[in-house]
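Asks: Just to be clear, the model below is a prediction. Sequence and coordinates:
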Amino acid sequence: MLGRNSISFKKRMNFVGVCLYNILLKSSRDRVTGIHFFQEMIVTLFDIIDILDAKVLVGRDQLNMEVRTAFSADLLSDVLAFAKAGSLLLTGLTNPQIVRTSSILDIAAIVLVRGKVAPDETLRLADELNIPILSTRYILFETSGRLYEHGIKGCVEKVGRDDYVSL
Amino acid sequence: MELSHIAKDLNLKIKCGEELLGRDVSGGYVGDLLSDVMANSKEGNLWITRQTHQNIVAVASLKDLAGIVLVQGKEPDVDALEKASKEGIPILVTELSSFDVAGKLYTLLS
Amino acid sequence: MSFNYEQSFTIQGGNFTDAGVVSVFIKRTLQKMGIPSEILRRVAIATYESEINIISYARIGIIYIRVTPENIIINIDDEGPGIENIELAMRAGYSTADEKIREMGFGAGMGIPNIINCSDDFKLTSEVSKGTHLRILININTN
Ligand SMILES: Nc1ncnc2c1ncn2[C@@H]1O[C@H](COP(=O)(O)OP(=O)(O)OP(=O)(O)O)[C@@H](O)[C@H]1O
Ligand SMILES: [Mg+2]
């Protein structure tokens, strides 16, 4: 996922794609057209900072990280049940549990919405467990929408077997 | 944009309030914490959430939201459905995640 | 590859500050042992949900984990109120979580169903006002 050192041919092509895409993005307002040119969009945390006009609270050294999927929730119960490894977690929660939950699930990075600033214990823990945290002033709807427009996909993953779940 | 148009475009299933789908949707709001939705949603917003209990109807009613979309295949609780019918709050459901519903609605509205 | 490891951890009920510390530690430990990531994820989720449940509902609990070349066994024993209706507790959406737990983002009644989803074998027993016992088995498939 973060294999920046082993740039395969495909990744290089993708990189070219992203550069072209970024040019397209800056030269025209028609973002959605850009997406269709390239099957698989690679978006880095650097791009996300741009897209969401976000601040980096933790993980300045990890902004090259690539993400493809995201999960929006204010309930960690749902994150634990459905979020895929390597996804972004978009949330209005700020307590330290968002970090431990992310660590358990291999969530790539956390985006706090509505201009939330996490308490110190959350930031310290994120630093310790190596999980970047960004903060945007947009609401969760706008945050999700902007990332979706840039090719990030939603994820709903079921872990393990399915035959027990009785709703 | 009219709620009926959104329901059709996003393939949402209508649980109640079919007669109210002519309503105008001013934007979307994603949130699973009722206090947040109470504080920050705007009149006419279509509320995207995973909460299914009857309190969501009170919030939608108080804040004059256009309707509620339940995500990830969640069904409204029986009393939520009853209350929503009585108070005129459309409830729609989808298999999609909050992120995807928000993404599609955002694209549709912009 | 052959895995051999066992360890016990004590979890204090009500200690929300440290909620998840043990599970994150277990995950790291198994990761260093080279447990496949899909298995690792299931173990991590199952222990984390259990740890949160002890902290949320019980007085004190012990998480015991044993890794063998074939499988991973997790036993969770707690002293606490126990569960009156186990069938109900296993149902997605059932929860008695209080406001404090909900504010943290838990309490949607998804924990036990999620543990079951992560397990190859699962047993939940409980005695009211004594405690709860959980046995989770996860096979290590190396094919
Ligand atoms: N160790 C325990 N001791 C006593 N009761 C428990 C214990 N674990 C679970 N329960 C009971 O079972 C219910 C369901 O547990 P479960 O973990 O599935 O959901 P939850 O903890 O309520 O919410 P979530 O796990 O989604 O955050 C709890 O609300 C509680 O009533
Ligand atoms: Mg639980």
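Replies: Yep, it's here. Numbering: from 1, shown residues only, chains lettered A, B, ... in the order given. Ligands and ions are numbered 1, 2, ... in the order given.

Asks: Within range of ligand 2, give me the residues from chain C.
Replies: For chain C, the residues in contact with ligand 2 (Cβ under 5 Å from the ion) are C:N53, C:G111. C-beta coordinates here come from the backbone N, C-alpha and C atoms, glycine included.

Asks: Can you find the helix or strand of chain C with the lowest average pLDDT?
Replies: Using mean pLDDT, DSSP states H and E, helix C:99-103 stands out as the lowest-scoring helix or strand of chain C, at a mean of 91.

Asks: what sits up against that helix?
Replies: C:F16, C:S56, C:G107 (Cβ atoms under 8 Å, 6 or more residues apart in numbering or on different chains).

Asks: what element comes up after it heading to the C-terminus?
Replies: The C-terminal neighbour of helix C:99-103 among helices and strands, as given by DSSP states H and E, is helix C:111-118.

Asks: Which strands and helices lie in contact with that next one?
Replies: helix A:76-82, helix C:37-57, strand C:121-127, strand C:131-139 (3 or more Cβ pairs under 8 Å, 6 or more residues apart in numbering or on different chains; DSSP states H and E).

Asks: tally of neighbours for C:N139?
Replies: For C:N139, the count of nearby residues is 13 (other Cβ atoms under 10 Å in any protein chain shown).

Asks: which one of the contacts of helix C:99-103 sits closest to chain A?
Replies: If you rank the contacts of helix C:99-103 by distance to chain A using Cβ to the nearest Cβ, C:G107 comes first, at 6.8 Å.

Asks: what's the domain layout of chain A?
Replies: A:8-39, A:41-154 (automatic domain parsing).

Asks: where does chain A come near ligand 1, residue by residue?
Replies: Within chain A, the residues that sit near ligand 1 (Cβ under 6 Å from any ligand atom) are A:S77.

Asks: residue boundaries of the helices in chain A?
Replies: A:9-27, A:31-37, A:45-52, A:76-82, A:97-105, A:120-129, A:140-149 (DSSP state H).

Asks: same deal with chain B?
Replies: B:3-9, B:34-40, B:55-62, B:78-87, B:98-109.

Asks: Once you drop chain neighbours, what's closest to B:D9?
Replies: B:L108 (5.8 Å; Cβ to Cβ, 6 or more residues apart in numbering or on different chains).

Asks: Compute the number of surrounding residues for the closest residue to ligand 2 within chain A.
Replies: Residue of chain A nearest ligand 2, by Cβ to the ion: A:S77 (7.0 Å). For A:S77, the neighbour count with other Cβ under 10 Å is 28.

Asks: could you list every residue that touches the nearest residue to it once chain neighbours are set aside?
Replies: What sits nearest to A:S77 in space, not counting adjacent residues and going by Cβ to Cβ, 6+ apart, is C:A108, at 3.5 Å. Going by Cβ under 8 Å, 6+ apart, C:A108 touches A:L75, A:S77, A:D78, B:R50, C:G93, C:S95.
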